[in-house]
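Trainee: Got a sequence here, can you build the structure:
(2 chains)
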Number of protein chains: 2
Amino acid sequence: MVLARRKFRRLPRHIGVIPDGNRRWAVNQGLAKESGYEKGLEPGLMLYELCLELGINELTFYGFTQDNTKRPAIQRKAFQQACVEGVQLLCHRDASLLVVGDTSSPMFPPELLPYTQRHTFGRDLMKLNFLVNYGWLWDLQYAIKAHGPDLLNNGKLMNFIASKDISRIDLIVRWGDRRRLSGFLPVQSIYADFYVVEDLWPDFKPEHFYQALRWYEAQDVTLGG
Amino acid sequence: MVLARRKFRRLPRHIGVIPDGNRRWAVNQGLAKESGYEKGLEPGLMLYELCLELGINELTFYGFTQDNTKRPAIQRKAFQQACVEGVQLLCHRDASLLVVGDTSSPMFPPELLPYTQRHTFGRDLMKLNFLVNYGWLWDLQYAIKAHGPDLLNNGKLMNFIASKDISRIDLIVRWGDRRRLSGFLPVQSIYADFYVVEDLWPDFKPEHFYQALRWYEAQDVTLGG
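Mentor: Down below sits the predicted model:
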């Protein structure tokens, strides 16, 4: 771990990952769109291991959103299943795991309910967050719906949003060439540097991630100041 | 106008502009940092005219933020003055103008108070918004501070945020090579495509803008679906 860290002068504390391009990858392979999602599991595991090796403090994966659930049911079931498997793949590793998303909807996979409170499995070497049936508007409005009177007394919206246990993000890496946040944690992404990988997520290579980190270490951090 | 529109298959309805790099430009010229801001006025006027020619519906300029006001006073006064002049330069053109920002602070330039309600000067050909002493947290928390009980009754945060009269943004163009939003309208930027120009804002060229539009027309619009 020490050797790997030495390669970088400055590393992000918290990395957000938008693993986009699974359907495009499947189409390029002549497969049905929905078969692309399971090809995103292995890259997720690899990325987690790279982050652990570098001593990254927090890693957040964009699983699926409430917007995404409007897609055809066959696709929806495939990405729901991939999210369940992704969490199960990582849940006994050295990390404290949290799943954030709207559990009040049937779109939320019931298998993931046990993970909606942060739990540490193995050693507590990293915070690992998954957004599952997440919605940016749901996240913000949760403060009003679930904590209205407290919110009014306290006055601080950030204390009551649904994702309040996810910290500020330093670097967002999006695979699949699209340069947009698509509703990814608007509050935590406010000051994040945004790196886009042209290749699709199932074509993940460690070199993509290292390139993002090399780019990040050359950026300044001002937090708007 | 018709000829210019024909050049593009698909244009953004609403463009957000982050005019960054004024201080770096000044330093590169051997000038004091604060002298860079006034060099951003002419580019702003040019960009407004290009948008008008193309029939863009709405244009939002990132003036300065509450974060920015922590900079040295000589810089702060220079960007406050540039914002006042920028609004005055555009306020009698063919647009309906709105300034959004925290007017309750002494950092808000009093000359701009008359513009905090939308007014149409000349013909109403475009919505033109300036963020002045804006803060992303101020914007969201405004809903609680200014409209708490109404917010709780109504339940819809978006109806009460300070920037509610600014619509969803389709394309954000940031000059000065930094790939981050820096607190720019988090709610309206949720689905925006994000184009970064390497050159600094005072080195604005119409070609930068046309390149952003060419890139934009090749993107798909899914709104997360």
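
Trainee: what does chain A put close to chain B?
Mentor: Contact residues, chain A versus chain B (CB under 8 Å from any CB of the partner chain): A:65, A:67-68, A:70-71, A:136-137, A:140-141, A:143-145, A:148-149, A:151-152, A:155-158, A:178-183, A:186-187, A:189-195, A:219, A:222-225. Heads up, the C-betas are built off the backbone N, CA and C, glycines and all.

Trainee: In helices, which of those appear?
Mentor: A:136-137, A:140-141, A:143-145, A:148-149, A:151-152 (DSSP state H).

Trainee: what residue ranges in chain A score low on pLDDT?
Mentor: Flagging of chain A using pLDDT under 70 yields the residue ranges A:1-6.

Trainee: in it, which residue is closest to the centre?
Mentor: A:F61 (1.7 Å; CA atoms, centre = their mean).

Trainee: May I have the phi/psi pair for that one?
Mentor: With angles defined as degrees, to the nearest 10, A:F61 shows backbone torsions of phi -100, psi 130.

Trainee: hang on, the earlier thing: selection in ChimeraX covering whichever of the ones in helices among the residues of chain A next to chain B are buried, please.
Mentor: Here is the ChimeraX command that picks out the buried ones among those, judged by 16 or more other CB atoms under 10 Å in any protein chain shown:
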select /A:136,137,140,141,143,144,148,151
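
Trainee: residues touching A:V17, list them.
Mentor: A:44, A:47, A:59-62, A:172-175 (CB atoms under 8 Å, 6 or more residues apart in numbering or on different chains).

Trainee: quick revisit: which among the residues of chain A next to chain B end up buried?
Mentor: A:65, A:67-68, A:71, A:136-137, A:140-141, A:143-144, A:148, A:151, A:157, A:178-183, A:186-187, A:189-195, A:219, A:224.

Trainee: which stretches of chain A form helices?
Mentor: Using DSSP H, helices in chain A cover A:2-6, A:22-28, A:41-54, A:73-90, A:136-154, A:206-217.

Trainee: So which of those is nearest B:C83?
Mentor: B:C83 sits nearest to helix A:136-154 of all those, at 28.2 Å, using CB to CB.

Trainee: Would you mind measuring from the residue nearest to A:E111 when sequence neighbours are not counted to B:G36?
Mentor: Excluding the flanking residues, the one nearest A:E111 by CB to CB, 6 or more residues apart in numbering or on different chains is A:V84, at 4.9 Å. Computed with CB to CB, to the nearest Å, the distance linking A:V84 and B:G36 is 52 Å.

Trainee: more neighbours, the two?
Mentor: B:G36 (25 against 16; other CB atoms under 10 Å in any protein chain shown).

Trainee: In contact with the more buried one, which residues?
Mentor: B:G36 touches B:21-27, B:202, counting by CB under 8 Å, 6+ apart.

Trainee: can you narrow the residues you listed to ones near chain A?
Mentor: Within those, nothing lies near chain A by CB under 8 Å from any CB.

Trainee: Make a PyMOL selection of the buried ones in these.
Mentor: Per 16+ other CB under 10 Å, the buried members of the contacts of B:G36 correspond to this PyMOL selection:
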select buried, chain B and resi 21+22+23+24+25+26+202
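
Trainee: and the contacts of B:G36 as JSON lines, adding distance to A:G55?
Mentor: Converted to JSON lines, the contacts of B:G36 look like this (distance: CB to CB, whole Å):
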{"residue": "B:G21", "distance to A:G55": "33"}
{"residue": "B:N22", "distance to A:G55": "37"}
{"residue": "B:R23", "distance to A:G55": "34"}
{"residue": "B:R24", "distance to A:G55": "32"}
{"residue": "B:W25", "distance to A:G55": "37"}
{"residue": "B:A26", "distance to A:G55": "38"}
{"residue": "B:V27", "distance to A:G55": "35"}
{"residue": "B:P202", "distance to A:G55": "40"}
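
Trainee: Pull the most distant pair out of the contacts of B:G36.
Mentor: Farthest apart among the contacts of B:G36 by CB to CB are B:V27 and B:P202. That separation is 11.5 Å.

Trainee: Surely A:K70 and B:T222 touch.
Mentor: No - here A:K70 does not reach B:T222: they are 10.0 Å apart, not a contact under CB atoms under 8 Å.
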